[in-house]
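Student: Here is the input, now give the coordinates:
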Amino acid sequence: MSQISIASLAPVSTLLVSYSFSSFSLQGRKSLTFLRFNLHRATSRAMASHIVGYPRMGPKRELKFALESFWDGKSSAKDLQKVAEDLRSSIWKQMADAGIKYIPSNTFSYYDQVLDTTAMLGAVPSRYGWNGGEIGFDTYFSMARGNASVPAMEMTKWFDTNYHYIVPELGPDLKFSYASHKAVIEYKEAKALGVDTVPVLVGPVSYLLLSKPAKGVEKSFPILSLISKILPIYKQVVSELKEAGATWIQFDEPSLILDLRSHELQAFSHAYAELESSLSGLNILIETYFADVPPEAYKTLTALKGVNGFGFDLVRGTKTLDLIKGGFPSGKYLFAGVVDGRNIWANDLVASLNKVVVSTSCSLLHTAVDLLNETKLDKEIKSWLAFAAQKVVEVNALAKALSGHKDEAFFSANAAAQASRRSSPRVTNEAVQKAAASLKDSDHRRATNVSARLDAQQRKMNLPILPTTTIGSFPQTMDLRRVRREFKANKISEDDYVKAIKEEINKVVKLQEELDLDVLVHGEPERNDMVEYFGEQLSGFAFTVNGWVQSYGSRCVKPPIIYGDVSRPKAMTVFWSKMAQSMSSRPMKGMLTGPVTILNWSFVRNDQPRFETCYQIALAIKDEVQDLEKAGITVIQIDEAALREGLPLRKSEQAFYLEWAVHSFRITNCGVQDTTQIHTHMCYSNFNDIIHSIIDMDADVITIENSRSDEKLLSVFREGVKYGAGIGPGVYDIHSPRIPSTEEIADRVNKMLAVLESNILWVNPDCGLKTRKYTEVKPALSNMVAAAKLLRTQLAHVR
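Tutor: Below you'll find the model as predicted:
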């Protein structure tokens, strides 16, 4: 019997026959606990390889363009389906050709995998007028995006990622039915191509835990009481998959990594005991990801009936190996994720070989698609990276090496790249590291309290009660994108580019003045993305051409790559902000992205703690804030849309994160004058549980998404939390083409006035307007301003 030593950080999937443990010390790291697995005939038996999930947009965003063409009525449903079918075929064949054994199916989605599960269960809110039968695109996309008559379902962040899911709306009277056969159809589709796949389903318990009570249902309604109503549908799906020839089914139960209560853990035991007879004859994998599995959850998970394999994230969940060390069920499969599914750094293959088995840590949905499409990326930096396609190859290379078939050339190239990254002088800037290290000695607070600052700002700006503003961006038209593209390709001169952008800014400013908004924005026509735009002007960043990652629906982002120490060589926004302010006598916001959001929406270097990188970014943004103030900009918005997103999933780790994240924000603006108004913006997360940290950010005004989440934010103020700074809960959802009426917006603001003082309340949309059309933006903003004026009149009469 040969032994293979497998270290505690790596993700791989493999069959466990027996195991023992030993300690190991890794150079440059603290001592790690390693697993040593005894694999019978390891050198002659092929090791298993597994991919949790894969990006669905396509290497060049083919699905995005197909979706938007369909939504605009420029193409048919058949056209959209053909693009989707081609993408799925390409993905399956790619993994099969790479030698992956466990290839996932049903991880493709036209919008979101949780929405797909809602469709599978027929859990359609009544407002969409669905009358049963197989759910089609009309109902599906109405739930995702809304339509002319009804709003979309709530959208929020998928755990601690920048991916958004559509939140199911459930209640005791909802009639569930098997209404989407997508999982079975896609399994059969792959099988017809000669690829045997592992169908992936969002697990029944996680689905319920990710849901919320529907409108009109008591907030205290026990969602988990619905488990008995949805399990019959899961049984039908399993039965059809078994009949179609499936031998493995993967249930994603990521909620197991949360701090669950005893009755929630019991729901897992109950659900899988109820499913046990239906699962007979199948191999069942329960997949977890994004963090450690807590000890009680581990006990529950590994005791589930009818389950053959367990998947763990061993990149972000290294402590889980201690639980495996304490006991792993005999004869079960361990799918251990050692290849990072959430970052783009090439795996250290030698270190991984000393660890567990071969899988990705989570779905590759959260990383870019294929490094081969990056022909303009710096060659040295490119050698340090691995996108989804390359991670598939890494997984298989590790599996083959563990079975005695190591590709020496592949491993040698990987080792050389790792050594290059560790020794490259472009990674380290001693002056930046020294400046960032010194920040820990102060909490960087403004000298005056927020109440006194707001008084000074009001004396200077003389804004009306319920001031109106927008969040920052205005529609990015095809012409505007063309101008930026041509300038980047040197097809137009800098003078022509500046002239075109100036004309666009002037158009946006004039429109806002015509609409009678109180605090203006320049519309951000020069910006491709709120993070990439800044990263392009900061040192320590690299950029891709096709490194797109899905955020929600057809919306993709292209995260920059932070490979080294960060600093600001020169001013980034002052030229455009100063130009815009010269076009109007009304206050013009200087628009910046905050350090925590830049960090959380980038692929971040993994060779130093994240907070150190965040402090470096904070210092760069601080320089920009000071330059904006010197240029006469009196309102500066520092967006921290991703602050909540980075909150660790385990409560024991949250306080430290919030401490350095909030500190980073305060660093950016601690030196400005009292009369300079600092705004921030947050969106599409649950902020109620961090409201005191938001208050501690000490911004003068915060605008925050509210309407898409059905005004969940307001509940925290109903419960007695006092907020003394300015606040603008969003009054309409900008991710839907639906135009809200003046009356609807006024009704929303009245609900806000019931829990917030009128002298601190702002009126604004949920988020930026970049993805909308002017035919939607103009009437929506007009109605918003009209609602604010109506309420000002009513408030004046009351006084």
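Student: ok now do V167, which residues does it touch?
Tutor: Neighbour list for V167: 114, 153-156, 210-212 [criterion: C-beta atoms under 8 Å, 6 or more residues apart in numbering]. C-beta: built from backbone N, CA, C; applies to glycine.
Student: Nearest to M588 among these?
Tutor: Closest approach to M588 among those (C-beta to C-beta): M155, at 30.0 Å.
Student: Give me the neighbour count for the closest one.
Tutor: Counted with other C-beta atoms under 10 Å, the neighbours of M155 add up to 24.
Student: swap in the one 5 residues further on?
Tutor: Under the neighbour criterion other C-beta under 10 Å, D160 is assigned a count of 19.
Student: Let me know the distance separating Y723 from V798.
Tutor: According to C-beta to C-beta, to the nearest Å, Y723 stands 22 Å off from V798.
Student: Compare neighbour counts for those two and give me the winner.
Tutor: Neighbour count, other C-beta under 10 Å: between Y723 and V798, Y723 has more, with 17 against 7.
Student: Give me the phi and psi for that one.
Tutor: phi -120, psi 120 (degrees, to the nearest 10).
Student: what does stretch 621-634 contact?
Tutor: Outside of stretch 621-634, the residues within contact range by C-beta under 8 Å, 6+ apart are 457, 460-461, 534, 568, 571-574, 577-578, 581, 587-590, 592-595, 598, 636, 638, 667-673, 675-677.
Student: And those residues, which of them are buried?
Tutor: 457, 461, 534, 568, 571-574, 577-578, 581, 587-590, 592-595, 598, 636, 638, 667-670, 672, 676-677 (16 or more other C-beta atoms under 10 Å).
Student: Spell out the secondary structure type for the residue positioned nearest the centre of the chain.
Tutor: Nearest to the mean C-alpha position of the chain, counting by C-alpha atoms, centre = their mean, stands N162 at 0.9 Å. Classification of N162 using DSSP: H, G, I helix; E, B strand; the rest coil returns coil.
Student: next one: T300
Tutor: helix.
Student: so which helix or strand takes in the residue lying closest to it once chain neighbours are set aside?
Tutor: Take T300 and drop its neighbours on the chain: the residue closest to it by C-beta to C-beta, 6 or more residues apart in numbering is L265, 4.6 Å away. In the assignment (DSSP states H and E), L265 maps to helix 262-279.
Student: Identify the neighbouring strands of the next helix-or-strand element following that helix in the sheet and state each direction.
Tutor: Next along the chain after helix 262-279, taking DSSP H and E as the criterion, comes strand 283-287. Partner strands and pairing direction for strand 283-287 (DSSP bridges) are strand 248-252 (parallel), strand 309-313 (parallel).
Student: Please report the distance of T742 from A787.
Tutor: For T742, the distance to A787 - C-beta to C-beta - is 5 Å.
Student: is F335 in a bridge, and if so with what?
Tutor: Beta-bridge partners recorded for F335 (DSSP bridges): S13, G311.
Student: I figured it hits S359, correct?
Tutor: Yes: judged on C-beta atoms under 8 Å, F335 makes contact with S359 at a distance of 4.7 Å.
Student: So between those two, which is more surrounded?
Tutor: S359 (35 against 28).
Student: Test my guess that the more buried one contacts K101.
Tutor: No: counting by C-beta under 8 Å, S359 stays clear of K101, with 10.4 Å between them.
Student: Common neighbours of these two, please.
Tutor: 49-50.
Student: So in this structure, where's the weakest helix or strand by average pLDDT?
Tutor: strand 18-24 (a mean of 25; mean pLDDT, DSSP states H and E).
Student: what about this protein, any weak spots by pLDDT?
Tutor: Judged by pLDDT under 70, the chain has its weakly predicted residues at 1-47, 349-357, 684-685, 710, 712, 799.
Student: Show me the longest helix that occurs in it.
Tutor: If you go by DSSP state H, the chain has its longest helix at helix 774-798.
Student: Tell me the buried residues in that one?
Tutor: For helix 774-798, the neighbour count (16+ other C-beta under 10 Å) marks 776-778, 780-781, 783-792 as buried.
Student: Likewise for stretch 299-308?
Tutor: Residues of stretch 299-308 classed as buried: 300-302, 304, 307 (neighbour count, 16+ other C-beta under 10 Å).
Student: likewise stretch 631-647?
Tutor: Buried, per 16+ other C-beta under 10 Å, within stretch 631-647: 633-647.
Student: now the strands: where do they sit in the stretch 501-650 of the chain?
Tutor: For the stretch 501-650 of the chain, applying DSSP state E, counting those that start in this stretch gives strands covering 539-542, 549-552, 555-557, 561-567, 589-593, 603-604, 635-639.
Student: for the ones you listed, which one sits closest to D698?
Tutor: strand 635-639 (11.7 Å).
Student: Who are the packing partners of the closest one?
Tutor: The contact analysis (3 or more C-beta pairs under 8 Å, 6 or more residues apart in numbering; DSSP states H and E) places strand 635-639 against strand 589-593, helix 610-630, helix 654-669, strand 677-682.
Student: nearest to G136, of these?
Tutor: Of these, nearest to G136 by C-beta to C-beta is strand 677-682, at 34.9 Å.
Student: what's next to that closest one, contact-wise?
Tutor: 453, 457, 461, 471-472, 587, 589, 594, 634-641, 643-644, 665, 669, 672, 694, 697, 699-705, 726, 767.
Student: Centre of the chain to it, how far?
Tutor: Strand 677-682 sits 21 Å away from the centroid of its parent chain (C-alpha atoms, centre = their mean, to the nearest Å).
Student: Name the residues of the helix or strand that that strand is followed by that are buried.
Tutor: Counting by DSSP H and E, the element after strand 677-682 in chain order, helix or strand, is helix 691-696. Buried positions in helix 691-696, judged by neighbour count with 16+ other C-beta under 10 Å: 693-696.
Student: Now do the same contact list for K578.
Tutor: 631-633.
Student: Among these, which one lies nearest to E513?
Tutor: Nearest to E513 among the contacts of K578, with distances taken as C-beta to C-beta, is I633, at 17.8 Å.
Student: Show the end-to-end separation of stretch 442-461, please.
Tutor: End-to-end span of stretch 442-461 (C-alpha to C-alpha, to the nearest Å): 31 Å.
Student: now what about it, what contacts it?
Tutor: Residues external to stretch 442-461 that are found in contact with it (C-beta under 8 Å, 6+ apart): 519, 587, 634-635, 663, 666-667, 669-670, 672, 674-677, 698, 700, 724-726, 760.
Student: redo that, cut-off 7 Å
Tutor: Stretch 442-461 is contacted by residues 587, 634, 663, 666-667, 670, 674-675, 677, 698, 700, 724-726 when judged by C-beta atoms under 7 Å, 6 or more residues apart in numbering.
Student: again with stretch 57-75
Tutor: When contacts are defined by C-beta under 7 Å, 6+ apart, stretch 57-75 is touched by residues 56, 77, 79-80, 83-84, 87, 110, 369-370, 373, 546, 548, 550, 554, 556.
Student: Can you say which of the residues you listed are buried?
Tutor: Buried by 16+ other C-beta under 10 Å: 56, 80, 83-84, 87, 110, 369-370, 373, 546, 548, 550, 554, 556, out of those.
Student: For stretch 295-311, C-alpha coordinates in CSV please.
Tutor: Written as CSV, here are the backbone C-alpha positions of stretch 295-311 (Å, rounded to 0.1, in the frame of the first residue of the first chain):
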residue,chain,number,x,y,z
PRO,A,295,-18.4,21.4,14.0
GLU,A,296,-22.1,20.8,14.7
ALA,A,297,-22.9,21.3,11.0
TYR,A,298,-20.1,18.9,10.1
LYS,A,299,-21.6,16.2,12.4
THR,A,300,-25.0,16.8,10.9
LEU,A,301,-23.7,16.7,7.3
THR,A,302,-21.6,13.6,7.6
ALA,A,303,-24.5,11.7,9.3
LEU,A,304,-27.0,12.5,6.5
LYS,A,305,-28.8,9.5,5.2
GLY,A,306,-28.5,8.5,1.6
VAL,A,307,-25.4,10.6,1.0
ASN,A,308,-22.2,9.1,-0.5
GLY,A,309,-19.9,12.2,-0.8
PHE,A,310,-19.2,15.4,0.9
GLY,A,311,-17.6,18.5,-0.7
